[in-house]
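Colleague: Next input, structure requested:
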Amino acid sequence: YALGMYRKRRNHTTNKEKNAEEEEAMDALVAYNRYRNSENIVLIAFLSRVMFIALMFICDAFVSDYDTSSSHSSNKMSGSTLTRDGFCSRMESIAVWDGVHVLRIAEVGGYEYEHSHAFYPALPFLLRFIIRDSEMTTCVLARTALVLNAMVSIATVVIMEKLAFILLANPQKGKTLDVPFAGKCASFSRSAALLYCFTPAFIFHLAPGYTEAIFTFCATYGALLFARGSMYEFDGARATTDWRFVLNKVTSYVFFALAASFRSNGILLGIYPACEIISLLLAVKRERKYWFKRLVSLPIHVIGGLCIALPTVLVQYNAYLSFCGIDSGYEIGGGGGSAVEAAKSRPWCSKFPPNVYAFIQSEYWDVGFLQSWRVSQMGNILIASPALLASMYCLKMYSFIRRDRVLVSPVGALAGDILWLISCVLCATVTHIQIAMRFMSVLAAPYVAIARFGGEESERGKYLLASFVAGYALVGMVLFSNFYPWT
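Modeller: Residues are numbered from 1 along each chain as shown. This next block holds a predicted model:
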């Protein structure tokens, strides 16, 4: 409504009045976006989850498993007194790959083996808390994890639409805004939410024991609060920092820290407070007036960054105590070696700083710099190529916005773009390259950029894009559900 009134009156007003109307129109759009979502988006998210869960079980029932070791190991380790019915058998058979390790940590209430420390403890202990009054079996844990991932991913769809709108429209206080373009943002933001509904890495946001869904929720909601906080920057007229700026930034750092407790790459979310600190220092350098009052918020961002790093530090510290400490109790080869000898036996204990995660990735899963770039890995490189190529194109075309060679991206969008770029580089050089799609699927920036790209394409281009997304998701679901190499 506000945008329509603006368009009717803009030819009959002065520049000053136009600016005021632009701000009024944008305020109305932002308020509408904050409290409402586009029509049926929640229903679409719910139905898509129901459909994919049904398809997952159908594929598992009618397609032979490539590797049945998952179900065998779960039967052996469970130790359950409950009768294993058909439902539990199906539920346990879709808990594969990383899910086996995560659910085992939840079942026994801690880490049994060195390689288990590659999986962060937040999800296992959240599952234990949810079903604390029930028997801790693989079946119950897998069922709870499946429902939890479905519910959380539905909430993320709602958040994704709101974040996409703010990042595209860039409604920052005191900025001149392109209101006609802002009118398109509602359509683009809906497309971004629908892209997440049917993300090519859908199976990883639903599978029991996988942390992608809850990590995406925490990281996306944190990014939304961070972007909203940027709308209330330092008020030069009153020489004060708006309380809404502080509240939104602090809350965003809390959610970033929560995200970092679920996945190791969560530490990269520290890019957000780092960008805010750099932006603040540059603002002080440009305008020294009220510099002290501007810097009042600096400790918030520093503490926020430290909180985001804290989960990683605690995981490393716990592993160090378990395997390197005097009272670790770790035995060499199952024998009766002393704790001191055991500490000496683990190579990572003597490193500075001792990094169990890097050691596990290298020792157990052959992860290292350019390790995926081999002839024998051509299949995995092809699996990763759509995500990497699309990322490079979108980063070039839609990220790091410049005007007259000056970077003008808002802080929230800039931090998201940097996070996306670093994630892309890590996938191409360090991690197993085949995880590129799911590694990128936890970030909001790709959905926003691809939604904008799709909105500017022809009908044929939109059809091809939608077909690829749906096809990739379905292939992944069939292969993953039956323990084929789709990780």
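Colleague: and the helix or strand that contains F256, C-alpha only, in PDB?
Modeller: Counting by DSSP states H and E, the element that carries F256 is helix 243-260. The C-alpha coordinates for helix 243-260 follow below in PDB (Å, rounded to 0.1, in the frame of the first residue of the first chain):
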ATOM      1  CA  TRP A 243      19.000   0.400  22.200                       C
ATOM      2  CA  ARG A 244      17.500  -1.600  19.300                       C
ATOM      3  CA  PHE A 245      20.900  -1.800  17.700                       C
ATOM      4  CA  VAL A 246      22.400  -3.200  20.900                       C
ATOM      5  CA  LEU A 247      19.500  -5.700  21.500                       C
ATOM      6  CA  ASN A 248      19.500  -7.100  18.000                       C
ATOM      7  CA  LYS A 249      23.300  -7.400  17.800                       C
ATOM      8  CA  VAL A 250      23.600  -9.100  21.200                       C
ATOM      9  CA  THR A 251      20.800 -11.600  20.400                       C
ATOM     10  CA  SER A 252      22.300 -12.300  17.000                       C
ATOM     11  CA  TYR A 253      25.600 -13.200  18.600                       C
ATOM     12  CA  VAL A 254      23.800 -15.600  21.000                       C
ATOM     13  CA  PHE A 255      22.300 -17.400  18.000                       C
ATOM     14  CA  PHE A 256      25.600 -17.500  16.200                       C
ATOM     15  CA  ALA A 257      27.200 -19.000  19.300                       C
ATOM     16  CA  LEU A 258      24.400 -21.600  19.400                       C
ATOM     17  CA  ALA A 259      25.100 -22.500  15.800                       C
ATOM     18  CA  ALA A 260      28.800 -22.900  16.500                       C
END
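Colleague: Mean confidence (pLDDT) on it, please.
Modeller: Average pLDDT, helix 243-260: 92.
Colleague: where's that helix relative to the chain centroid, distance-wise?
Modeller: 16 Å (CA atoms, centre = their mean, to the nearest Å).
Colleague: ok, now stretch 152-165?
Modeller: On CA atoms, centre = their mean, the centre of stretch 152-165 falls 12 Å from the chain's centre.
Colleague: now stretch 374-390
Modeller: Computed by CA atoms, centre = their mean, the chain-centroid distance of stretch 374-390 equals 21 Å.
Colleague: The chain should start at 580 in everything you say after this.
Modeller: Renumbered: residue one is now 580, and that last one reads stretch 953-969.
Colleague: tell me which residues of that stretch are tucked away?
Modeller: For stretch 953-969, the neighbour count (16 or more other CB atoms under 10 Å) marks Q956, N959, I960, I962, A963, A966, L967, A969 as buried. Where you see a C-beta, it was placed from the backbone N, CA and C, and this is true even at glycine.
Colleague: So which elements touch the helix holding F835?
Modeller: When contacts are defined as 3 or more CB pairs under 8 Å, 6 or more residues apart in numbering; DSSP states H and E, helix 822-839 sits against helix 791-809, helix 850-865, helix 877-902.
Colleague: any idea which of those helices scores lowest on pLDDT?
Modeller: Lowest mean pLDDT of these: helix 850-865, a mean of 88.
Colleague: Flag every buried residue along the helix holding F835.
Modeller: Neighbour count says helix 822-839 has 824, 827-839 buried, by 16+ other CB under 10 Å.
Colleague: just checking, next helix/strand downstream of the lengthiest helix in the chain?
Modeller: The helix that spans the most residues within the chain, counting by DSSP state H, is helix 717-748. Note on helix 717-748: by DSSP H and E, the next helix or strand toward the C-terminus is helix 758-776.
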